[in-house]
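*Asks:* when you get a sec, could you give me coordinates for this:
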Amino acid sequence: MSEHENSELVGLVLAGGQSRRMGRDKAGMRWRGQTLLEQAQSCLQAAGCSAVHVLGPKGDFPDKQGQKGPAHALYDVMNALDSKRAFLALPVDMPLIDASDLSALIGAARARAYRDHPLPAFFPARLHTKFEPPQHFSMRMLLEAYEVDWLELPRSRADHFANINTPEDFAALDKALD
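*Replies:* Below you'll find the predicted structure:
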């Protein structure tokens, strides 16, 4: 068993966006009996995360970079936590993702994400300490710095990776599952 397979997997829910297009906080929106935040936390737990932290104003780790985006928030939190942990990051606004969508990402020796979808993303233990970030960087830049393995997303699962950004997107959730 490799060091990466032995490390603790920690889930990180990205819930720090301003939700301007939605017009209200996405994390607190209810769908199928749960808030989007509760759904994301449950998904990460089902994927094998021993602990789940929320990144955002109402979470365990408020955004100390001042709305610079998810890459900055992830980088800060990964470096604040123990380097022997692997991380699985999931945005709060992807409620159709389930644990099976995340399973292919987990346990690799390098970072992993699906091509054309830099989130969700897996970061193996100790890997996150190598990156010397520029002042501004994106998720793609963060993943590329960790020599990401880009996986092909099965077409049958593509609808699971839609971000819910507007009231219309939210209203269409149930139709996406038909």
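*Asks:* in three-state terms, label the residue lying closest to residue 126 once chain neighbours are set aside for me.
*Replies:* Leaving aside its chain neighbours, residue 126 sits nearest to residue 83 (5.1 Å; criterion: Cβ to Cβ, 6 or more residues apart in numbering). Every residue, glycine included, has its C-beta placed from N, CA and C. The three-state assignment at residue 83 reads coil, by DSSP: H, G, I helix; E, B strand; the rest coil.
*Asks:* for the one 3 residues further on, same thing?
*Replies:* At residue 86, secondary structure determined by three-state DSSP is strand.
*Asks:* now this structure, which segments are flagged as low pLDDT?
*Replies:* 1-7, 17-23, 63-67, 127-130, 174, 176-178 (pLDDT under 70).
*Asks:* the protein: strands as residue ranges?
*Replies:* For the chain, the strands defined by DSSP state E cover 8-14, 30-31, 34-35, 51-55, 85-91, 112-114, 117-123, 149-151.
*Asks:* now do the buried residues in the last one.
*Replies:* Looking back up the chat, that one is strand 149-151. By 16 or more other Cβ atoms under 10 Å, the buried positions in strand 149-151 come out as 149-150.
*Asks:* of all the strands of the chain, which one is nearest residue 104?
*Replies:* strand 149-151 (5.9 Å; Cβ to Cβ).
*Asks:* count of residues packed around residue 113?
*Replies:* By the criterion of other Cβ atoms under 10 Å, residue 113 has 24 neighbours.
*Asks:* please begin residue numbering at 22 from this point
*Replies:* Got it, the first residue is 22 from now on, which makes the last one we talked about residue 134.
*Asks:* leaving out chain neighbours, which residue sits closest to it?
*Replies:* Using Cβ to Cβ, 6+ apart and skipping residues adjacent in sequence, the residue nearest residue 134 is residue 142, 4.3 Å away.
*Asks:* okay, the residue nearest to residue 147 and residue 83: tell me how far apart.
*Replies:* Distance, residue 104 to residue 83, by Cβ to Cβ, to the nearest Å: 22 Å.
*Asks:* same thing with residue 172?
*Replies:* For residue 172, the distance to residue 83 (Cβ to Cβ) stands at 31 Å.
*Asks:* so the one residue sitting closest to the centre of the chain bridges to which residues?
*Replies:* By Cα atoms, centre = their mean, the chain has its centre lying nearest to residue 111, at 1.9 Å. Taking DSSP bridges as the rule, residue 111 bridges to residue 34.
*Asks:* could you pull up the contacting residues of it?
*Replies:* 32-35, 61, 64-65, 118, 123, 140-141 (Cβ atoms under 8 Å, 6 or more residues apart in numbering).
*Asks:* same question for residue 79.
*Replies:* 36, 46, 48.
*Asks:* cool, and residue 144?
*Replies:* The contact partners of residue 144, taken as Cβ under 8 Å, 6+ apart, are 95, 99, 107-110, 132, 167.
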